[in-house]
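In: sharing a sequence plus its predicted fold:
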Amino acid sequence: MSNTQLLNQSWDYLSKQLTHFEESDDYLSKLTDALRVLRDQSFVEVLIEWYYDLYYTFINEELVPHFWSTFRNHQQLSEDTANTSTAGTTHAILFSTADHLFVSANKWINNVVLSRVFDTNGNYQQYVEMQMKMKSLLRSILLAEIPICFNQYLLSAYSLAFAVNQYQKNRANNSCELNGSVDMIEMDTKCGGCCQQTNDCLCQSISEDFLKFNQQLSELSLIEVISGDAITSVMHTCIDKHIYESCKGNFEVSCICNLKNWIDNTVINWVRFVYEMSSFGNSLSNLEERLTHFLYET
């Protein structure tokens, strides 16, 4: 077999394996042999660039347009969605669509066959850099086409998730305080978190889906650029509401101190839950400073 034929055969095998996205039986020895041929002909870098171009075409022409079209097709949101019976619809659309984006992009970014290509070639660190490059490309294409209506979905979902989180915490605290007596919360016909009928409560599924949603955004390095403004906006709204309900017009030091404690124990703790981190250094400090500044302005 000529060198050209061997090169073509190796290329066909590798390109097929890369877009299959899974390790097949006894493929490792064949992969190593095919890579050796490409390496001898200085074609490994060409293969990697080919894969990256294919990924670019996929996310630019298929994945991202499909992702945004879902929200453009559901622009008509009901008023105050988080407090109506349609609340589940909005968060379900956001979470399911984001899950499809994550699964579809992740099979390209964390392609086990691609990692073998880099590892076998002795350049695993370059694979990590390639992953970062692919995430950056996804981020730039997503942000370039983001529709205005998407912010409504984010605000609705994060507001709902915050309400559910606080309701679950308060409910747990009340249960402990009652210490075995009749829990009056159970007598409500509507859940105080998701606002569904108590028999159809969505709080647990919302919490689980919300956590998964943020984990997926974080893994794709998207959570700050996609959700950062929505998180801040929801927190501002919550602070406004809390000030109005607890100490409107009261500017005593004790009230301010209580509010600052509330921000740390309620707001900041929830942000930690969103990011699923006990702390995140300067980002958390900056957020706390901004929220405290907003508190004094309010």
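Out: Yep, it's here. Numbers count the residues shown, from 1 in each chain.

In: neighbours around Met134, how many?
Out: Residues lying near Met134 (other Cβ atoms under 10 Å) number 22. From N, CA and C alone the C-beta is placed, and that goes for glycine too.

In: my guess is it meets Lys107, correct?
Out: No: with contact defined as Cβ atoms under 8 Å, Met134 does not reach Lys107; the gap is 11.3 Å.

In: got the confidence number for the residue nearest to Cys149 when sequence neighbours are not counted?
Out: Nearest non-adjacent residue to Cys149, counting by Cβ to Cβ, 6 or more residues apart in numbering: Gln75, 4.6 Å away. Gln75 carries a pLDDT score of 70 in this model.

In: just for the stretch 1-150 of the chain, where's the confidence low?
Out: Within the stretch 1-150 of the chain, the segments meeting pLDDT under 70 span 76-88.

In: just say helix, strand or coil for the residue nearest to Cys149.
Out: Assigned state for Gln75: coil (three-state reduction, DSSP: H, G, I helix; E, B strand; the rest coil).

In: and it, how far from Ser69?
Out: 11 Å (Cβ to Cβ, to the nearest Å).

In: and for Cys195?
Out: 29 Å.

In: and if you look at Ile141?
Out: Going from Ile141 to Ser69 by Cβ to Cβ gives 14 Å.

In: what about those two, which has more around it?
Out: The residue with more neighbours, out of Ile141 and Ser69, is Ile141; 16 against 13, by other Cβ under 10 Å.

In: quick check: next helix or strand after the one helix or strand the more buried one maps to?
Out: Using DSSP states H and E, Ile141 falls within helix 124-144. Proceeding C-terminally, helix 124-144 gives way to helix 150-178 as the next helix or strand, assigned by DSSP H and E.

In: can you pull the buried residues of the host helix or strand of Thr32?
Out: Remark: Thr32 resides in helix 27-40, with elements defined by DSSP H and E. By neighbour count on 16 or more other Cβ atoms under 10 Å, the buried set for helix 27-40 is 27, 31, 34-35, 37-39.

In: kindly report the same for stretch 211-223.
Out: Residues 213-214, 216-218, 220, 222-223 are the ones in stretch 211-223 that count as buried (16+ other Cβ under 10 Å).

In: tell me which of those fall in helices.
Out: 213-214, 216-218, 223 (DSSP state H).

In: just give me the closest of those residues to Thr90.
Out: Ranked by distance to Thr90 (Cβ to Cβ), those are led by Phe213 at 12.6 Å.

In: go through the buried residues of helix 27-40 and name the one nearest Asn111.
Out: Closest to Asn111, out of all of those and judged by Cβ to Cβ, is Leu31, at 12.6 Å.
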